[in-house]
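Undergrad: Structure for the following, please:
(3 chains)
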Amino acid sequence: MKSIIIETHQREELIDITHHIMQAVTDSKCSSGLVYCFVPHTTAAITINENADPDVKRDIIYKLNKVFPQSDGYYHSEGNSDAHIKASLFGFSEQILFENRKLILGTWQGVYFCEFDGPRSRHLIIRIQSFD
Amino acid sequence: MKSIIIETHQREELIDITHHIMQAVTDSKCSSGLVYCFVPHTTAAITINENADPDVKRDIIYKLNKVFPQSDGYYHSEGNSDAHIKASLFGFSEQILFENRKLILGTWQGVYFCEFDGPRSRHLIIRIQSFD
Amino acid sequence: MKSIIIETHQREELIDITHHIMQAVTDSKCSSGLVYCFVPHTTAAITINENADPDVKRDIIYKLNKVFPQSDGYYHSEGNSDAHIKASLFGFSEQILFENRKLILGTWQGVYFCEFDGPRSRHLIIRIQSFD
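TA: Predicted coordinates:
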């Protein structure tokens, strides 16, 4: 098990972490298996989405904030209930297949750490399950 | 494989099931592995979120109902289309790592059974995958 | 690893793929394990939901489009930002348990390929992990 620190710089931010996952696969020396990625927080998440046009990241954050604004009749006193909801909607884990030491992702797919209540110093947990 | 009965008491309710998952790990006598948790329903789900302030659970349910109200031009005659949508948004499974017989969860993370069309008697399926 | 082609016929469409997953289990000759299903796209997803009344599929698509319409102040020039968001909300993978060569799904559960920017020719990746 590997725990990687992810520094976030804005309240809402999608950070490409695909290279961290690739590195974990390389370090494992396994040829094929599943990479388990887990976010041990309650106001951050993990997702997959387009790795080409940065406007996609902007549009995701923009629209989530439009539907789930920060203030909206919430009781939770920390003022980040919107972030808790967004995190449950996007989810806390991804499992990604690898074969011949390469991640089985689509051409346009990148894996993103989703910060919804930053900036903060966050953790990402990665565990390789080998099929060799 | 273990099937646990979860009794729900309201239409929408988040029920902390972390202790059930911990118990399944203890019962398995495995030291490390992945716990697979699955909800075999279509109007209930599973998620992870804050285990400290109960207002977070309230805010999640409140806001989901505001964006996805029970009546909204739906065709499905059972009157629970909102619950079907919420279930797909939150998802039906979680996989959680354990090491040295302890769940790898963040400090503030609890695992929640999400009832969206209760009260009902529900099932939760748990299966341990050992790394030992 | 198996890659199946899924032809979609509308912009938004939920296509039952449960039989493809069952077939992969049968072909594997494994008695028990986990089936990993993955969508290698960024405007399509996978979910589980009701396999009985087709109105549930209609209501899911209808309501997602009401909350996340195709035009809504997006920057991404391809005009499919709504599809990118819906895909991250529903998610790109499911893992389903099987025992005695049968999928462990609830009575009313079917597995659905979710097209959010069709019609297109899509891929679905399936990988069996055996517990035998």
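
Undergrad: Walk me through which strands the host helix or strand of A:Ile5 pairs with, and which way each runs.
TA: Per DSSP states H and E: A:Ile5 is located in strand A:2-7. When sheet partners are counted by DSSP bridges, strand A:2-7 sits next to strand A:121-130 (antiparallel).

Undergrad: In the partner strand, which residues are buried?
TA: By neighbour count with 16 or more other CB atoms under 10 Å in any protein chain shown, strand A:121-130 contains the buried residues A:122, A:124-129. Backbone N, C-alpha and C define where each C-beta goes, glycine included.

Undergrad: can you redo these as JSON lines with pLDDT?
TA: Listed next are the buried residues of strand A:121-130 as JSON lines, based on pLDDT from 0 to 100:
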{"residue": "A:Arg122", "pLDDT": "98"}
{"residue": "A:Leu124", "pLDDT": "98"}
{"residue": "A:Ile125", "pLDDT": "98"}
{"residue": "A:Ile126", "pLDDT": "98"}
{"residue": "A:Arg127", "pLDDT": "98"}
{"residue": "A:Ile128", "pLDDT": "97"}
{"residue": "A:Gln129", "pLDDT": "96"}
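
Undergrad: A:Glu50 against A:Val56, yeah?
TA: Yes - between A:Glu50 and A:Val56 there is a contact at 4.3 Å, judged by CB atoms under 8 Å.

Undergrad: Give the intersection of the neighbour lists for these two.
TA: Taking CB atoms under 8 Å, 6 or more residues apart in numbering or on different chains as the criterion, A:Glu50 and A:Val56 both touch C:42, C:84.

Undergrad: which outside residues touch the strand holding A:Ile5?
TA: When contacts are defined by CB under 8 Å, 6+ apart, strand A:2-7 is touched by residues A:15, A:17, A:20, A:24, A:27, A:113, A:119, A:121-127.

Undergrad: what's the spacing between the residue of chain A at minimum distance from chain B and B:Ile5?
TA: Per CB to the nearest CB, A:Pro40 is where chain A lies closest to chain B, at 3.2 Å. Using CB to CB, to the nearest Å, we find A:Pro40 at a distance of 29 Å from B:Ile5.

Undergrad: Nearest spatial neighbour of the residue in chain A that chain C sits nearest to, chain-adjacent residues omitted?
TA: Shortest chain A-to-chain C distance, computed as CB to the nearest CB: residue-wise this is A:Gly106, at 3.2 Å. Among residues not flanking A:Gly106 along the chain, C:Pro40 sits closest, at 3.2 Å (CB to CB, 6 or more residues apart in numbering or on different chains).

Undergrad: pretty sure that neighbour is touching A:Leu103, no?
TA: No - at 10.4 Å, C:Pro40 does not count as touching A:Leu103 under the criterion of CB under 8 Å.

Undergrad: Give me the more crowded residue out of these two.
TA: C:Pro40 (19 against 15; other CB atoms under 10 Å in any protein chain shown).

Undergrad: give me every residue that touches that one.
TA: The contact partners of C:Pro40, by CB under 8 Å, 6+ apart, come to A:104-107, A:109, C:92, C:123, C:125.

Undergrad: buried subset of the residues you listed?
TA: Buried residues within the contacts of C:Pro40, counting neighbours by 16+ other CB under 10 Å: A:104-106, A:109, C:92, C:125.

Undergrad: Tell me, how many residues neighbour A:Ser32?
TA: Number of residues near A:Ser32 (other CB under 10 Å) recorded here: 17.

Undergrad: correct me, but it touches A:Lys102?
TA: No - using CB under 8 Å, A:Ser32 is not in contact with A:Lys102; the gap is 9.4 Å.

Undergrad: Can you give me every residue that contacts the residue of chain A closest to chain C?
TA: C:39-42, C:123 are the contacts of A:Gly106 under CB under 8 Å, 6+ apart.

Undergrad: which SS class is A:His84?
TA: Under DSSP: H, G, I helix; E, B strand; the rest coil, A:His84 falls in the helix class.

Undergrad: and it, what does it touch?
TA: By CB under 8 Å, 6+ apart, A:His84 lies in contact with A:42-43, A:76, B:49-50, B:56, B:59-60.

Undergrad: redo that, cut-off 7 Å
TA: A:42-43, B:49-50, B:56, B:59-60 (CB atoms under 7 Å, 6 or more residues apart in numbering or on different chains).

Undergrad: next one: A:Val56
TA: Applying CB under 7 Å, 6+ apart, one finds that A:Val56 lies in contact with A:49-50, C:76, C:81, C:84.

Undergrad: again, but for A:Thr18
TA: A:Thr18 makes contacts with A:110-111, as judged by CB under 7 Å, 6+ apart.

Undergrad: got the phi/psi numbers for it?
TA: Summarising the backbone geometry of A:Thr18 under the convention degrees, to the nearest 10, its torsions are phi -60, psi -40.

Undergrad: Thought B:Lys63 was touching A:Asp72, still the case?
TA: Yes - taking CB atoms under 7 Å as the definition, A:Asp72 is a contact partner of B:Lys63 at 6.4 Å.

Undergrad: re the thing from before, any idea which of the contacts of A:Val56 is closest to C:Gln10?
TA: When the contacts of A:Val56 are compared for distance to C:Gln10 (CB to CB), C:His84 comes out closest, at 17.7 Å.

Undergrad: what's the helix or strand for the residue lying closest to the closest one once chain neighbours are set aside?
TA: Nearest residue to C:His84, sequence neighbours excluded (CB to CB, 6+ apart): A:Val56, at 5.2 Å. Here A:Val56 sits within helix A:55-67, counting by DSSP H and E.

Undergrad: now that helix and helix B:55-67, what's the angle there?
TA: Angle between the axes of helix A:55-67 and helix B:55-67 is 90 degrees (criterion: axes from the mean of the first three to the mean of the last three CA atoms, to 10 degrees).

Undergrad: Using PDB, write out the CA atom coordinates for helix A:55-67.
TA: Extracted in PDB, the C-alpha atoms of helix A:55-67 (Å, rounded to 0.1, in the frame of the first residue of the first chain):
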ATOM      1  CA  ASP A  55     -12.400  23.300 -20.500                       C
ATOM      2  CA  VAL A  56     -14.000  19.900 -19.600                       C
ATOM      3  CA  LYS A  57     -12.600  20.200 -16.000                       C
ATOM      4  CA  ARG A  58     -13.800  23.800 -15.900                       C
ATOM      5  CA  ASP A  59     -17.300  22.800 -17.100                       C
ATOM      6  CA  ILE A  60     -17.600  20.000 -14.500                       C
ATOM      7  CA  ILE A  61     -16.700  22.300 -11.600                       C
ATOM      8  CA  TYR A  62     -18.800  25.100 -12.900                       C
ATOM      9  CA  LYS A  63     -21.900  23.000 -13.400                       C
ATOM     10  CA  LEU A  64     -21.500  21.100 -10.100                       C
ATOM     11  CA  ASN A  65     -21.400  24.500  -8.300                       C
ATOM     12  CA  LYS A  66     -24.500  25.700 -10.200                       C
ATOM     13  CA  VAL A  67     -26.500  22.600  -9.100                       C
END
